[in-house]
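>>> the following block contains a protein sequence and its predicted model.
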Amino acid sequence: MLTAGSKNSPIILNMDQNNPYKLTTPPTYTGGVDSGALTRQVSNVMKRVYVRMFVGLLITAFVSLGIASTPTLAHAILTNQIVFWGILIAMFAMAWIMPAKMMSMKPTTILLLFGLFSVLMGAWLTPIFFVYAPGTIVKTFFISAGTFGAMSVYGYFTKSDLSRIGNYLYMALIGLFIAIIVNIFLKSSALGWIISIVGVLLFVGLTAWDTQQMKRVAAANLDPALADKLATMGALNLYLDFINLFLFLLQIFGGNRN
């Protein structure tokens, strides 16, 4: 799901419409695999997920900072309606194409598309550096990182099945999407505040859910190429959870503006 308001509004994106975890055939397990080998298998896949997510965030941060610190480039992107909304449309397209065509793509292609997506996201997020004070952005980033980390750890280690919760969260996400669209026209600060709080709660839950889903996929005895593709898609899902969490928190803590 992808929406956007004005150029000073955050992007709200989640790839639930083409959940990559649902594109695979039911996982098959090797009966002779001991628990130690299974643990190593899950650990190896999850390491790839987190490393790729981290690299994606770094790419986004450097691109966004680079554009914001280059006035000519920032002006060219942010004042050109075709370029600015073209970036948004491109991300819309990639959010649909990547999971839908994952099975027919090579692992390297999916990884490169994730990198390109991170670049586009960096360009899209550039306005935050002209809206919020640097201290606010840094503070919010560390709060987001701590919250994300705690919920991802919970999703990884919890014995509870979060599938049902995930379904409710995605239904709530649809309601949030509608509220954001409505508030683009109403421009209500009260509704905006409520949307930000609900958004934080939603993506806190989705972080735990996506982590658990990816761990289950990692435990399956999948073809190495498919496992690598799913690792990239898992990284993208968690990347989007973090970005959304950060942006909603930034709206809450962003009272100190430039």
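Sure thing, it's come through.
>>> residue boundaries of the helices in the stretch 1-150 of the chain?
Using DSSP state H, counting those that start in this stretch, the helices of the stretch 1-150 of the chain run over 35-68, 71-78, 81-100, 107-125, 128-131, 134-157.
>>> winner for burial among the ones you listed?
Ranked by mean neighbour count, the helices of the stretch 1-150 of the chain are led by helix 107-125 with a mean of 19 (mean count of other C-beta atoms under 10 Å). For the C-beta atoms, the positions are set from N, CA and C on the backbone; glycine is no exception.
>>> between helix 35-68 and that helix, find me the angle.
Counting by axes from the mean of the first three to the mean of the last three C-alpha atoms, to 10 degrees, helix 107-125 lies at 40 degrees to helix 35-68.
>>> list the contacts of helix 107-125.
10-11, 52, 55-57, 59-64, 66-67, 77, 87-88, 90-91, 94, 98, 102, 105, 225, 228-229, 232-233, 235-236, 239, 243, 247 (C-beta atoms under 8 Å, 6 or more residues apart in numbering).
>>> and if you look at stretch 74-81?
If you take C-beta under 8 Å, 6+ apart as the criterion, stretch 74-81 is touched by Lys7, Ile67, Ala68, Val83, Phe84, Ile87, Ala123, Thr126, Pro127, Phe130.
>>> what average pLDDT does stretch 143-157 get?
The average pLDDT within stretch 143-157 is 97.
>>> 529 is where my numbering starts, stick with that
In the new count, where the first residue is 529, that last one comes out as stretch 671-685.
>>> now Arg576. Nearest residue, chain neighbours left out?
Once flanking residues are discounted, Arg576 sits nearest to Ala759: 4.1 Å by C-beta to C-beta, 6 or more residues apart in numbering.
>>> tell me the spacing between that neighbour and Asn765.
Ala759 is 11 Å from Asn765, where distance means C-beta to C-beta, to the nearest Å.
>>> repeat for Gly650
Where Asn765 is concerned, Gly650 sits at a distance of 18 Å (C-beta to C-beta).
>>> next: Thr668.
Distance, Thr668 to Asn765, by C-beta to C-beta: 21 Å.
>>> so what's Met633 up against?
Going by C-beta under 8 Å, 6+ apart, Met633 touches Leu641, Lys757.
>>> and Lys667, by the same measure?
Phe781.
>>> report pLDDT for Tyr549.
At Tyr549, the model reports a pLDDT of 46.
>>> what number of residues lie near Tyr660?
22 (other C-beta atoms under 10 Å).
>>> ugh, wrong one, Ala759
26.
>>> state the helix or strand in which it lies.
Using DSSP states H and E, Ala759 sits in helix 752-781.
>>> if we can go back for a sec, just the pLDDT for the residue nearest to Arg576.
Ala759 carries a pLDDT value of 94.
>>> ok, it to Gly614 distance?
29 Å.
>>> go on, Tyr696?
Note on Tyr696: its distance to Gly614, by C-beta to C-beta, is 35 Å.
>>> does Leu777 really touch Ser672, like I thought?
Yes - taking contacts as C-beta atoms under 8 Å, Leu777 lies within contact range of Ser672: 5.5 Å.
>>> and Ser716, how many neighbours does it have?
Ser716: 13 surrounding residues under other C-beta under 10 Å.
>>> residue contacts, it?
By C-beta under 8 Å, 6+ apart, Ser716 has no neighbours at all.
>>> give the contact list for Ala707.
Counting by C-beta under 8 Å, 6+ apart, the residues that Ala707 touches are Leu719, Ile722, Ile723, Val726.
>>> pLDDT score for it?
93.
>>> now it: how far from Leu640?
Ala707 sits at a distance of 35 Å from Leu640 (criterion: C-beta to C-beta).
>>> swap in Thr654?
22 Å.
>>> do Val681 as well
For Val681, the distance to Leu640 equals 30 Å [C-beta to C-beta].
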